[in-house]
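Asks: Sequence and predicted model, in that order:
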Amino acid sequence: MKLWKKQKLRLALLGFENQTDPDSDMPLRVMGYDGIEYRAQLNERKAGERFPVVTLILYFGYEKRWGRATSLLERLSIPEKFRPFVSDYKINVFEIAYLTREQVNLFKSDFRVVADYLVQKRENGDYIPNTQELKHIQETLQLLGVMTGDHRFEEAYNDNHTERRPHNMCDVLDRIENRGIQTGIQKGEAQVMRNMYQKGFSLEQIADVVEKTVDEVKDIIMKEKPLLF
């Protein structure tokens, strides 16, 4: 139960539906969600006041607009003569990546970072971070990872080799870039070791060149090309 104190409006339910892809059937889905809550009020069997249910759809796609039905009548195939008898049901869709800069700046929470990221990706295909301090860094990065399909955000937070957790998106992108560099170096080393082994170098000789133990060299080569052994 939520209470909107400013307007003295009691909400029975404020629901959020997160979408990464447009869904033509969203009006039917939302009508079902809201209907369940209204039915729950009816089942209370009290002839008292009834309260509104509000569902908001947050659309996180930035490569294309929603472009799907935002009302029940848009989704249904109805002969024109029956149209006046069919009740409509509208839904609230917010296209986060298509907010204006002024709208993004209205956010006071960490969600401003999420909105800013999506808007920049939509406008420029790239992202330049700012230094806004994140209060809920793990949750924000998890949301970005889920909504964009890029799990490097969570990996940057969960990196156990870092001395401290990132505090803003500048820190996060630095971690992502460093992880990419380290991954590239590791892949390059693995290729060098594999080539040396194929050319007849012993594991001991390879270990001496790359400054690793024989077991480490063997594990790396086996991971890359287990058939070599």
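Replies: Great, that's in hand. Numbering: from 1, shown residues only.

Asks: how about stretch 94-104 as PDB, C-alpha atoms only?
Replies: Output of stretch 94-104 as PDB, limited to C-alpha atoms (Å, rounded to 0.1, in the frame of the first residue of the first chain):
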ATOM      1  CA  PHE A  94       8.000   5.700 -20.400                       C
ATOM      2  CA  GLU A  95      10.800   5.400 -23.000                       C
ATOM      3  CA  ILE A  96      13.800   6.100 -20.800                       C
ATOM      4  CA  ALA A  97      16.300   6.400 -23.700                       C
ATOM      5  CA  TYR A  98      14.100   9.000 -25.400                       C
ATOM      6  CA  LEU A  99      13.800  11.400 -22.400                       C
ATOM      7  CA  THR A 100      15.100  14.900 -22.900                       C
ATOM      8  CA  ARG A 101      18.200  16.100 -21.100                       C
ATOM      9  CA  GLU A 102      16.000  18.300 -18.900                       C
ATOM     10  CA  GLN A 103      13.900  15.300 -17.900                       C
ATOM     11  CA  VAL A 104      17.000  13.200 -17.100                       C
END
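
Asks: neighbouring contacts of that stretch?
Replies: The contact list for stretch 94-104 (Cβ atoms under 8 Å, 6 or more residues apart in numbering) reads 56-62, 65-66, 112, 114-116, 118-119, 121-122. All C-beta spots, glycine's among them, are computed from the backbone N, C-alpha and C.

Asks: Which positions within it qualify as buried?
Replies: Neighbour counts over stretch 94-104 (16 or more other Cβ atoms under 10 Å) mark 95, 96, 97, 98, 99, 104 as buried.

Asks: mind checking how far the most centrally placed residue in the chain is from residue 103?
Replies: Nearest residue to the geometric centre of the chain (Cα atoms, centre = their mean): residue 147, 2.1 Å. Distance, residue 147 to residue 103, using Cβ to Cβ, to the nearest Å: 18 Å.

Asks: Just say helix, strand or coil for the residue lying farthest from the centre of the chain.
Replies: Within the chain, the residue lying farthest from the chain centre (Cα atoms, centre = their mean) is residue 200, at 47.7 Å. At residue 200 the chain is in coil, as set by DSSP: H, G, I helix; E, B strand; the rest coil.

Asks: Which strand or helix spans residue 33?
Replies: If you go by DSSP states H and E, residue 33 is part of helix 26-43.

Asks: could you say what helices and strands that helix packs with?
Replies: strand 13-19, strand 53-59, helix 72-75 (3 or more Cβ pairs under 8 Å, 6 or more residues apart in numbering; DSSP states H and E).

Asks: Pick the most buried one from those.
Replies: strand 53-59 (a mean of 19; mean count of other Cβ atoms under 10 Å).

Asks: starting at the chain centroid, how far to it?
Replies: Its chain's C-alpha centre and that of strand 53-59 lie 17 Å apart, by Cα atoms, centre = their mean, to the nearest Å.

Asks: CA-only coordinates of that strand in PDB, if you can.
Replies: In PDB, the C-alpha atoms belonging to strand 53-59 read as follows (Å, rounded to 0.1, in the frame of the first residue of the first chain):
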ATOM      1  CA  VAL A  53      -4.100   0.900  -9.100                       C
ATOM      2  CA  VAL A  54      -1.200   2.400 -11.200                       C
ATOM      3  CA  THR A  55       1.200   0.400 -13.400                       C
ATOM      4  CA  LEU A  56       4.100   2.100 -15.100                       C
ATOM      5  CA  ILE A  57       6.000   0.400 -18.000                       C
ATOM      6  CA  LEU A  58       9.700   1.400 -18.100                       C
ATOM      7  CA  TYR A  59      11.100   0.700 -21.600                       C
END
